[in-house]
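Asks: this is the structure alone, sequence omitted:
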Ligand code: HEM
């Protein structure tokens, strides 16, 4: 390998490693750490607003504060919340620190500002006996750049930073010149002097850079001015209150009164907060860990210690809650009370009450412990061994303050602090900075890094960017729906709604839509006929409008694809069924006879028919499609049933893509074993069949025969793989059995409670067949039975879910659907729509179909489609209805039946819509 290649490779690998580590660190910070923190504290009883991914509580705080500031205020002193916010996130952060207050007072009282105060008082003379705006005069200390700094918008901030640097550099330069010309002696000991000297210090370890010098100046301009002027203004305000006003008129009535000034202050602090809160978009790859895993972990850790707090909301943390609380608080009128805590920081005020004195809230994804217990505050503030360093400063605060004393850490802080102490005569603080812990990275191969990196980026793209993009695309076209939850989409909501619906006891009503698909039922109401829901991160358009359903299902140019199944199924049941129907009917009849033999033991007694029909349809599909018996395929059916159970209980449980390669749940392990078991059992049947083919034994053209022949086809283009063969068999074992057995179960249930229709049907059967077995000709003439079966399929359609995927951008009605959008169509919606069927939609009325389906549906094929519509219509339609008609006829010929008191009405979905506890009927021999 050439040197250049090696160089390129090593560069790529280190770049990958860098990205990977950045990503992991980001995730750790935004996700894992906040959750861990929260849990740790909540287990200790510390509660707080929930952590929102990335934003934590910032949005809420920002909005609450904004809201609070917009409310006119009386002369109340309850300002805690307002300042608290600033303490935590903004400029006045620095006021929190006692040393700084000391610095400022030292500075004010002892050194620099005597002169300034005298100048100010001189000006005040002009206002004697007149109105004066105290804060204006007090903030005369202000430098022009400060004014400029605070009143600009975010996008000017870079420019501002440069703008601020220049005048400071100017001042520094002047001072340096003065020092050079020997003029410096008059400044001895002032802060700037100390800084300039430090900058020129010959001892490299004591020397500070020019950037540090500028930052420090900025810090002190702000810390030394804004805080003090505010303190003085408030003090004066309170003194007025006590003395009844003298030379001050409060509040001002005029253009530039205090209120106006407060307004200015508000703008100032708002713009600062804007800068602080408008968090810039993070590097994508940081997101997941930081925004999700970390908060949850932190929360768990803390909650196990009893720390409580509002739950962490993905990305937003507590911000939304805070916002709303703040809005609410600000809308309450306030009297002259000084109790402003609940107005300015309503969230802290109420959460302290709710979660305890120390609780956990979320500054975006960052866990933030709100400590109000004085003892703890003391402990934190007094800590001197750096157990509580300052948090990282928000981007814009950093721009504002530079990396000066307020924001800096470690050795730099220590150095600056020493300078400040001597300049402002503040007591010196011991400072021992813990060395930064360097994480040593174990070298990874470049390909591994790249792999992880790409997987993560792909994951984030899929889980975050794509859903949001898809949502925006559709919402701009008026399509609404439940909001997308990271990774889970709507699954959790759907799962819970289903759970809740299933727990409601149900009477004998046929109104099963709200029980089986409670989410579709309620979201159609809420968001409209066609709405967007989320199957995990996949956008799924639920379409219930018949016109659109028709358009989708009838589409023939592959705009809406379906997972390819059934190609070979069609060979048998598509073309095959029509011709082989004659062969199938005797097979069906003999299977039904076997079943009715068993029923003899139940005469005059109760019988559970669903299990009976399961065995029957299994036997029928085994015989007709696989040329074997149910017994031979019994294992396969049982394993398929177990698999169906597992897949249905996991239908709304999502797992991270690829995670099952590392860790498998019990269900995953079991399902893999089942799949293997099913494959082996089917292979066994195939082997036997192949042996028979070899020995020349004639089987006829059953389904398995067609599949085996296709598998052995010498023409490569016609040949099907063994996997395809297995899949095809599985599909048929399931599709050919489950659906038809539930159709029969529900029909018997309906006839058991509508004995008049049972009698009608019996009459028809007896008139056509007498006591003879049904024949193909008579079967086509069963009109009443067909009406009953159709009404049964309308009320209890066995297959309720039809899905499609948008292959390419396509127009559907007035909508433009983006590629990859999933479409969800359910037969339940139109089948139970009173607008289509009338107010008696939930009643069993087979007479609806007395003049055929077209008449019943007013030629709207998407009003009734238990077997689907269009090119992908069920291949087993004739097979299933024929089987059902024969079975019903043969039962009606022999028995009358009524519903047993043991029956519990509980339709539920497990592959098909089935009676959860079976259908128990009393069997009366005719
Ligand atoms: C009452 C009984 C049945 C009902 C309600 C039913 C329902 C459905 C529905 C709604 C579809 C369309 C799915 C779609 O458009 O995506 C379908 C497709 C299918 N059904 Fe059935 N089915 C029944 C019986 C059967 C039987 C007995 C078999 C096999 C013997 C069968 C095999 C299939 C196959 C292979 C497909 C896929 C067709 C394709 O995608 O081209 N079904 N069924």
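Replies: Nice, thanks for sending it over. Remember, it's a predicted structure, so these values are computed and weren't measured experimentally.
Asks: helices along the stretch 501-650 of the chain, start to end?
Replies: Using DSSP state H, counting those that start in this stretch, the helices found in the stretch 501-650 of the chain span residues 513-516, 518-527, 546-554, 567-569, 577-599, 609-626, 630-649.
Asks: any chance of those in a markdown table, plus mean pLDDT and mean neighbour count?
Replies: The C-beta positions use only the backbone N, C-alpha and C, and glycine is treated the same way. Listed next are the helices of the stretch 501-650 of the chain as a markdown table, based on pLDDT from 0 to 100; neighbours: other Cβ atoms under 10 Å:
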| stretch | mean pLDDT | mean neighbour count |
| --- | --- | --- |
| helix 513-516 | 88 | 20 |
| helix 518-527 | 92 | 18 |
| helix 546-554 | 89 | 20 |
| helix 567-569 | 39 | 19 |
| helix 577-599 | 77 | 16 |
| helix 609-626 | 88 | 24 |
| helix 630-649 | 78 | 18 |
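Asks: how about these, which one is nearest residue 872?
Replies: Across these, residue 872 has its closest neighbour in helix 546-554 (7.1 Å, Cβ to Cβ).
Asks: got a list of contacts for that closest one?
Replies: Contacts to helix 546-554, defined as Cβ atoms under 8 Å, 6 or more residues apart in numbering, come from residues 530, 543, 560, 802, 804, 812-813, 823, 825, 830, 836, 860-863, 865, 868-872.
Asks: from these, list the buried ones, please.
Replies: Among those, those buried by neighbour count (16 or more other Cβ atoms under 10 Å) are 530, 543, 560, 802, 804, 812, 823, 825, 830, 836, 860-863, 865, 868-870, 872.
Asks: so which of those residues belong to strands?
Replies: Members of those lying in strands (criterion: DSSP state E): 530, 543, 560, 802, 804, 812, 823, 825.
Asks: which residue does this structure bring closest to the ligand?
Replies: Nearest to the ligand, among the residues of the chain, is residue 876, at 2.2 Å (Cβ to the nearest ligand atom).
Asks: span of stretch 603-611 from start to end?
Replies: Stretch 603-611 has an end-to-end distance of 17 Å (Cα to Cα, to the nearest Å).
Asks: what about stretch 718-728, near the ligand?
Replies: No: using Cβ under 6 Å from any ligand atom, stretch 718-728 stays clear of the ligand, with a minimum separation of 8.5 Å.
Asks: so which bits of that stretch are buried?
Replies: Neighbour counts over stretch 718-728 (16+ other Cβ under 10 Å) mark 720, 724, 725, 726, 727, 728 as buried.
Asks: any idea of the mean pLDDT for stretch 296-307?
Replies: For stretch 296-307, the mean per-residue pLDDT is 73.
Asks: so for that stretch, what gets flagged as buried?
Replies: 296, 297, 298, 299, 300, 301, 302, 303, 307.
Asks: so how far is residue 350 from the residue of the chain closest to the ligand?
Replies: Distance from residue 876 to residue 350, counting by Cβ to Cβ, to the nearest Å: 61 Å.
Asks: more neighbours, those two?
Replies: residue 876 (25 against 16; other Cβ atoms under 10 Å).
Asks: that one and residue 737 touch, don't they?
Replies: No: counting by Cβ atoms under 8 Å, residue 737 is not a contact partner of residue 876; they are 10.0 Å apart.
Asks: ok, and of the contacts of helix 546-554, which contact the ligand?
Replies: When contact is defined as Cβ under 6 Å from any ligand atom, the contacts of helix 546-554 meet the ligand at 802, 868, 872.
Asks: now the first one: closest residue in space, sequence neighbours ignored.
Replies: For residue 802, ignoring the flanking residues on the chain, the nearest one in space by Cβ to Cβ, 6 or more residues apart in numbering is residue 825 at 4.4 Å.
Asks: the second one too?
Replies: Beyond its immediate neighbours in the sequence, the residue positioned closest to residue 868 (Cβ to Cβ, 6+ apart) is residue 874, lying 5.5 Å away.
Asks: and that neighbour, what's its pLDDT?
Replies: On pLDDT, residue 874 comes in at 84.
Asks: circling back: mind putting the helices of the stretch 501-650 of the chain in JSON lines, distance to the ligand included?
Replies: Below are the helices of the stretch 501-650 of the chain laid out as JSON lines (distance: least, Cβ to the nearest ligand atom, whole Å):
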{"stretch": "helix 513-516", "distance to the ligand": "15"}
{"stretch": "helix 518-527", "distance to the ligand": "16"}
{"stretch": "helix 546-554", "distance to the ligand": "6"}
{"stretch": "helix 567-569", "distance to the ligand": "4"}
{"stretch": "helix 577-599", "distance to the ligand": "8"}
{"stretch": "helix 609-626", "distance to the ligand": "6"}
{"stretch": "helix 630-649", "distance to the ligand": "14"}
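Asks: thank you, goodbye.
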